[in-house]
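Q: The sequence and its predicted three-dimensional model are supplied below.
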Amino acid sequence: MKIRVLGAHNLETLHTRHTCFLVDDSLAIDAGSLMTGLTDPEKNSLKAILLTHRHFDHVRDIPSLGLHTMDNGATVDLYGLSDTLDALTTHLLDGLLYPNFTLRPTPERPKYRLHPIAPERPFNLLGLQILPLPVPHGAPAVGYLVRKGSATAAFTGDTGGGLLPFLSATPPPQYLFVEVTFSNDGIDRARASQHLTPSLLADELLSAQQKGLPLPQIVAVHRDPRHEKAITHQLAELSKTLNIPITPASANHQFPL
């Protein structure tokens, strides 16, 4: 399994992109950086997108990608909670802001086909085993366990905690791609908006260690670029404390499994 980080932050700036991943060149997890993170041939090679929740930075590029690739004749399958797909069709693909690509270019061969999913109900997709897991966030949200043979990776999406189901999976993930949005100084804001800081992440990982669970390599994403230095420093200290690798990811960072 090949994993490429297309974006690793919660804001798009001159140097950062929204958190988004590409798996095996054909599956995207979230859609905030598909237009800026992929070449034209890569955009046309996408076959499916897993959405974690409805917030704009995670669905933003779906309309633009639909317009950009509408003439290639290929349908892209969108998977997400019913809440996520409903928000997408009523607020972005509504025929007013952007064309309804669930019906265009033709209802028989639309650009996008929607597939509602349910937490803890696994499914197979593109040679991968997918398990959505519920996470606490401001909108209904899931993360994903993605397996291919002996390789397993976990993607939390946006979450205020609840990492134990990812860490206790069998087999355990080799990588945990986890959001760390704020520095420790922003812990009150993180708790209010259900995001993580390095200290909140530490609580989750220490709890797993106390249960005897092995900790995977941690890849920190969805970082706020306004607090990048503090987050990176605090993650480095956490890595030393727990004696595990913690990588603050950047765009185009690759993680082969």
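A: All right, it came through fine. Residues are numbered from 1 along each chain as shown.
Q: where in the stretch 1-150 of the chain is pLDDT low?
A: Under the criterion pLDDT under 70, no range of the stretch 1-150 of the chain is flagged.
Q: Show me the helices in it, by range?
A: When secondary structure is read from DSSP state H, counting those that start in this stretch, the stretch 1-150 of the chain shows helices at 34-37, 40-45, 56-59, 62-69, 82-91.
Q: and if you look at the stretch 151-257 of the chain?
A: Listed in chain order, the helices of the stretch 151-257 of the chain (DSSP H, counting those that start in this stretch) span 164-167, 187-193, 198-210, 228-242.
Q: Leu200 is nearest to which of the helices of the stretch 1-150 of the chain?
A: With respect to Leu200, and counting by CB to CB, the nearest of those is helix 56-59 at 20.1 Å. (Glycine included, C-beta is placed from N, CA and C.)
Q: which residues are in contact with that closest one?
A: By CB atoms under 8 Å, 6 or more residues apart in numbering, the residues outside helix 56-59 that reach it are 10-12, 18-20, 30-32, 51-52, 84, 87-88, 92, 157-158.
Q: cool, stretch 101-115 as well?
A: By CB under 8 Å, 6+ apart, the residues outside stretch 101-115 that reach it are 62-63, 66-67, 69-71, 73, 75-80, 85, 88-89, 93.
Q: same thing with stretch 230-246?
A: With CB under 8 Å, 6+ apart as the test, stretch 230-246 has contacts from 180, 182-185, 197-199, 201-202, 205-206, 209, 215, 217-220, 223-224, 248.
Q: in it, what's buried?
A: For stretch 230-246, burial by neighbour count (16 or more other CB atoms under 10 Å) applies to Ala230, Ile231, Thr232, Gln234, Leu235, Leu238, Ser239, Leu242, Ile246.
Q: ok, the first one to Tyr79 distance?
A: When distance is defined by CB to CB, to the nearest Å, Ala230 is 35 Å away from Tyr79.
Q: try the second one
A: If you measure Ile231 against Tyr79 using CB to CB, the figure is 30 Å.
Q: How are the strands of the stretch 101-250 of the chain distributed by residue range?
A: Secondary structure of the stretch 101-250 of the chain (DSSP state E, counting those that start in this stretch): strands located at 112-116, 123-125, 128-135, 141-148, 151-155, 175-179, 217-221, 246-248.
Q: Tell me the neighbouring strands of the first one, and mark each as parallel or antiparallel.
A: Strand pairing for strand 112-116, determined by DSSP bridges: strand 76-80 (parallel).
Q: Restrict the partner strand to CA atoms and write it as PDB.
A: Taking Å, rounded to 0.1, in the frame of the first residue of the first chain, the C-alpha atoms of strand 76-80 are listed here in PDB:
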ATOM      1  CA  VAL A  76     -15.800   8.600  -9.200                       C
ATOM      2  CA  ASP A  77     -17.400   6.800  -6.200                       C
ATOM      3  CA  LEU A  78     -17.900   9.000  -3.100                       C
ATOM      4  CA  TYR A  79     -18.200   7.300   0.300                       C
ATOM      5  CA  GLY A  80     -19.300   9.000   3.400                       C
END
